[in-house]
Every structure is written in structure tokens, then in C-alpha cells.
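Trainee: Got a predicted structure here, sequence first:
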Amino acid sequence: MTTLEQPLVKAVGAKAAKKLAALDLETAGDLLRHYPRRYAQRGELTDLDSLAEGEYVTVLAEVEKIQGRKISKRPGYLLEVTVTDGRGLLTLTFFGKGAYIPERELPPGTHGLFAGKVTFFGSGRNLKRQLVHPEYKPLTGGDLAGAAREFAEELIPVYPAAKGVTSWQIADCVRIVLDTAELGDDALPGHVRERHRLIGLSEAYQGIHRPRDMAEAGRARKRLKWDEAFVLQTALAQRRRAAAELAATPRPPAPEGLLAAF
């Protein structure tokens with residue numbers, strides 16, 4: 001079983017833990033509290049026109065066309081994969097020998113998840129958005145249904161990510177921890193949960209990372225917001241109590257003391 005305090009190197013392995021450290025995630029609890037930024041629905045493509053330059057994104061899009069060519073300068077081969085949401089376009093650019101792999105794996109019509117840093121090139125009407133050497137995960141053919149189940153049934157959680165660690169790699173690690181997590185007693189008192197109709201902590205973690213629908217994600221988000229507020233208010237209450245119990249030493253005024261000088 002995995003406890004919240006367990007280092008990720010023991011929970012998910014050294015290789016994955018090293019990647020997660022780039023996001024300051026060190027323990028199983030840190031990972032479970034790294035909540036999805038949003039959810040992508042199967043068949044609902046990302047609005048590509050909304051992507052901002054310099055943003056690190058994970059998008060769900062469809063491959064529209066693919067074009068590879070040899071170039072005279074190193075590394076010798078250039079592959080451009082154009083993906084679309086049905087309105088806007090995004091170019092995925094690959095250089096060198098590594099370009100031959102996505103050329104085989106991303107034929108036109110493929111739906112997939114693509115992650116990388118958005119850069120712009122060109123100008124005016126020719127201004128284009130691109131991801132250079134993005135990470136990608138095809139969701140095509142018979143794999144589409146399986147991948148959708150793998151990423152929480154109909155909803156795909158999209159996590160805050162970083163260079164070297166993708167949203168779906170984070171999701172894989174979350175799945176490992178959730179399947180073995182031992183959360184212990186719920187810190188939020190039962191009568192508080194009942195009064196405010198809040199779900200349990202274990203159900204909340206499942207609901208935020210593996211929601212069957214947006215309603216379940218909403219219930220989980222409500223409970224986890226209460227946790228954050230509860231911890232803060234408990235710390236403030238402890239501080240107030242400690243201050244109230246701190247005895248003050250009487251300082252009677254002296255004829256030529258500080259008060260008289262003031």
C-alpha cells in the first residue's frame with residue numbers, strides 16, 4: 001500500500017519520480033494534490049486559436065496532413081504534421097532521424113494528444129503556431145476507446161505539465177498511486193461532511209482524477225476546496241490559542257523608566 005507520505009521514488013519508480021520532481025512533486029500526497037487543470041472530452045477537440053505563445057500545452061486534435069522532406073542542412077530531414085480542431089491549425093515540427101517515427105504513427109485522420117511549448121513563426125496572414133518536437137500519444141482506431149477508458153472513461157484529465165513530463169505521463173503515475181493508496185482516517189470530521197454534503201477524501205481523489213462526468217469532478221473539487229480551507233483555518237485557530245495561552249510578564253512603570261523618557 002502507498003501512504004501519502006511515501007516518496008514517489010518508491011511509489012512510481014526512480015525514472016518517473018525524477019520527471020515529477022521537475023514539478024516539485026516529491027511524495028504520493030504531492031502527486032494526488034496535483035489536480036487536473038481541465039478535462040478534455042473524447043471527440044471534443046482543443047480550440048487551437050486560443051493557444052498563447054510561450055505556453056506549455058496539451059491539446060487534443062486531429063491530424064489533417066503530414067509532409068516530410070530532406071533538407072541540405074543538418075539534421076537532414078524535416079517533418080511537418082498539421083493538426084486541426086476543425087477551425088484552427090497547429091504545426092508539429094520534427095527534425096532528424098526521430099522524425100521518421102511520427103511519420104509512421106500519425107497518418108491523416110489520427111486523433112491524438114500533443115504536448116509542447118507553443119511558438120509562432122511567419123508573419124501576417126502566414127503567422128502559424130507550432131510545437132517543435134512535441135510529445136504525442138495517438139488515440140486512433142481500436143485504441144481510441146481503450147485510451148479513453150484509460151484516461152478516465154469519457155474524460156481525459158489534462159494536468160499542469162512541464163518540459164520532460166507530459167500530462168499523460170502524470171496521469172499514468174496518478175493511476176499507480178490511486179490504485180494502491182492508503183489514505184488513513186479522513187481529517188475532515190464526519191459531522192462537517194454530513195452537514196455540508198461533502199464526499200469522503202478517497203472518493204474525492206478518485207473523482208478529481210478519474211471522473212465519470214463533470215458532475216462527479218465538481219463534487220470532488222468542492223470537497224478538496226474544503227480541505228484546503230479546513231487546514232488553513234485549523235492552523236489559524238492553533239495560532240490564536242497559542243497566543244491566548246502565552247502569559248505576559250507585568251512591567252510596572254518606574255519613575256525614570258522608558259515610559260517617563262518617552
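Mentor: Alright, I've got the coordinates.
Trainee: the strands in the stretch 151-262 of the chain, which residues?
Mentor: Ranges of strands in the stretch 151-262 of the chain, per DSSP state E, counting those that start in this stretch, are 155-158.
Trainee: Enumerate the helices of it by residue range, in sequence order.
Mentor: In the stretch 151-262 of the chain, the segments counted as helices under DSSP state H, counting those that start in this stretch are 167-180, 190-195, 201-209, 214-244, 258-261.
Trainee: Tabulate the ones you listed (a markdown table), appending mean neighbour count.
Mentor: Where you see a C-beta, it was placed from the backbone N, CA and C, and this is true even at glycine. Shown next, in a markdown table, are the helices of the stretch 151-262 of the chain (neighbours: other CB atoms under 10 Å):
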| stretch | mean neighbour count |
| --- | --- |
| helix 167-180 | 19 |
| helix 190-195 | 11 |
| helix 201-209 | 20 |
| helix 214-244 | 13 |
| helix 258-261 | 9 |
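Trainee: buried set for the longest strand along the chain?
Mentor: For the chain, the strand with the greatest residue count under DSSP state E is strand 56-70. Of all the residues in strand 56-70, those buried under the rule 16 or more other CB atoms under 10 Å are 57-64, 66.
Trainee: Also stretch 110-124?
Mentor: For stretch 110-124, a neighbour-count test (16+ other CB under 10 Å) marks 110-116, 118 as buried.
Trainee: And those, which is closest to residue 8?
Mentor: Of all those, residue 115 has the smallest distance to residue 8: 20.3 Å, by CB to CB.
Trainee: Residue 61 versus the closest one, what's the distance?
Mentor: As judged by CB to CB, to the nearest Å, residue 115 and residue 61 stand 11 Å apart.
Trainee: Equivalent analysis for residue 172, please.
Mentor: Relative to residue 61, and taking CB to CB, residue 172 is found at 21 Å.
Trainee: Kindly report the same for residue 210.
Mentor: As judged by CB to CB, residue 210 and residue 61 stand 23 Å apart.
Trainee: Perfect, I'm done here.
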